[in-house]
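Asks: Pasting the sequence and the predicted coordinates here, then a few questions.
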Amino acid sequence: MVGRKVGIVGAGSVGATAAYSLTMTGRCHEVILYDIDSDLTVGKAIDIGQSTSYSPRGTIVTPALHPSEMKDCDIVVITAGVPRKGDMTRADLLMINAKIMKEVVANVMKYSPDAIIICVSNPLDIMTYVIHKMTNWDRSRIIGMAGALDGARMAYEIYKKVGFGSGQVKGMLIGDHGQNMIPMPEISSIGGVPLEQIVTKGDMQDIIARTKDGGAQIVKHLGTSAYYAPGRAVAVMVEAMLDDSQIVMPSSVLLDGEYGYSDVCVGVPVVLGGNGVEKIIELELDGETKAKFKISVDSIKDGIEILEKNNFFV
């Protein structure tokens, strides 16, 4: 990627933290921030831009006041959307965020037609599917950021449980980005040592439960959702593609026969590189895990069906 230009739609806490993380590592030449709140966009861009004096190389941070100013990006990260509020039903939330996504994606297609898109907006797997339907691009170019965050949360809980190996913990998950996520302790490790040889089954269940509850715990204490870990997770994915690192990362991708499913986006381990999703890794799942994976896929399909019933894709 020659230009190494990254656009971020949504200058809220997650988008801004992702931008800040990218400037601190100096992996891209330019970060462009866009938000419907122009003052927020400009203010965050100035603040992050001033921090680059202490980064490894001079990343340019630019505020975009119109979608047309996010032109020719190599990667576009979409964090735009609204959280569920008050009496809002699941269907209400889906339709509102899908309509926001439709507008955002139309602009990405117009101004950065060769970009790779990373979806961060919730409900994550369904919004990733919406992007596929809107663009009809190759599935390698559209990736949902879920497993990078959930895996980091799992690694955090593993370290808290065992008290050693910080930075060496590798957590793997599959399934949707929600309560139906499926942590995979049998292929998780600390310093290469299988997790199952280090912790008890009881501890494992506690780790899994706390991983699933990780986001809710942050909301409980802060009164708002997480942004440091999600922002860094986004940056890691971006860096892998800019550097063509070929790393393995669980991500939400469109399946086409893998794991026995098609036309649905769900989290599975993939190889991330310069072309986006370089490869989808198919794990051998036992009967119990297959059943859990089906529940996860069905929950995503239920959301897609809500959009279809409301004629969203027409």
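Replies: Good, I have the coordinates. Numbers count the residues shown, from 1 in each chain.
Asks: make it CA atoms for all contacts and neighbour counts henceforth
Replies: OK.
Asks: Show me where the stretch 101-250 of the chain has its helices.
Replies: Along the stretch 101-250 of the chain, counting by DSSP state H, counting those that start in this stretch, helices occupy 124-135, 147-162, 201-212, 214-222, 228-242.
Asks: same question for the last one, mean pLDDT?
Replies: Over the span of helix 228-242, the pLDDT mean works out to 97.
Asks: Tell me the buried residues in it?
Replies: Neighbour-count burial for helix 228-242 flags 229-242 (criterion: 16 or more other CA atoms under 10 Å).
Asks: before we move on, back to that, format the helices of the stretch 101-250 of the chain as TSV; extra columns: distance to E186.
Replies: Listed next are these as TSV, based on distance: least, CA to CA, whole Å:
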stretch	distance to E186
helix 124-135	24
helix 147-162	13
helix 201-212	10
helix 214-222	20
helix 228-242	23
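Asks: rewinding a little: export the buried residues of helix 228-242 to a markdown table and append columns for distance to N122.
Replies: Formatted as a markdown table, the buried residues of helix 228-242 follow (distance: CA to CA, whole Å):
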| residue | distance to N122 |
| --- | --- |
| A229 | 16 |
| P230 | 12 |
| G231 | 14 |
| R232 | 17 |
| A233 | 15 |
| V234 | 14 |
| A235 | 18 |
| V236 | 19 |
| M237 | 18 |
| V238 | 19 |
| E239 | 22 |
| A240 | 23 |
| M241 | 22 |
| L242 | 24 |
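Asks: State the pLDDT value of M1.
Replies: For M1, pLDDT reads 46.
Asks: swap in the one 4 residues further on?
Replies: Each residue has a pLDDT score; the one for K5 is 96.
Asks: thinking again about what came up before, out of the helices of the stretch 101-250 of the chain, which is closest to D37?
Replies: Shortest distance between D37 and the helices of the stretch 101-250 of the chain, using CA to CA, is found for helix 228-242: 19.3 Å.
Asks: and the closest one, how far from the chain's centre?
Replies: 8 Å (CA atoms, centre = their mean, to the nearest Å).
Asks: got it, and stretch 156-167?
Replies: Put simply, stretch 156-167 sits 23 Å off its chain's centre (CA atoms, centre = their mean).
Asks: Next: stretch 129-146.
Replies: 12 Å.
Asks: Would you mind listing the buried residues in that stretch?
Replies: Buried residues in stretch 129-146 (16+ other CA under 10 Å): 129-132, 135, 139-146.
Asks: What is the end-to-end distance of that stretch?
Replies: Using CA to CA, to the nearest Å, the end-to-end distance of stretch 129-146 comes to 13 Å.
Asks: can you tell me the helix or strand for I8?
Replies: Using DSSP states H and E, I8 sits within strand 5-9.
Asks: Show residues contacting that strand.
Replies: When contacts are defined by CA atoms under 8 Å, 6 or more residues apart in numbering, strand 5-9 is touched by residues 15, 19, 28-35, 70, 72-80, 104.
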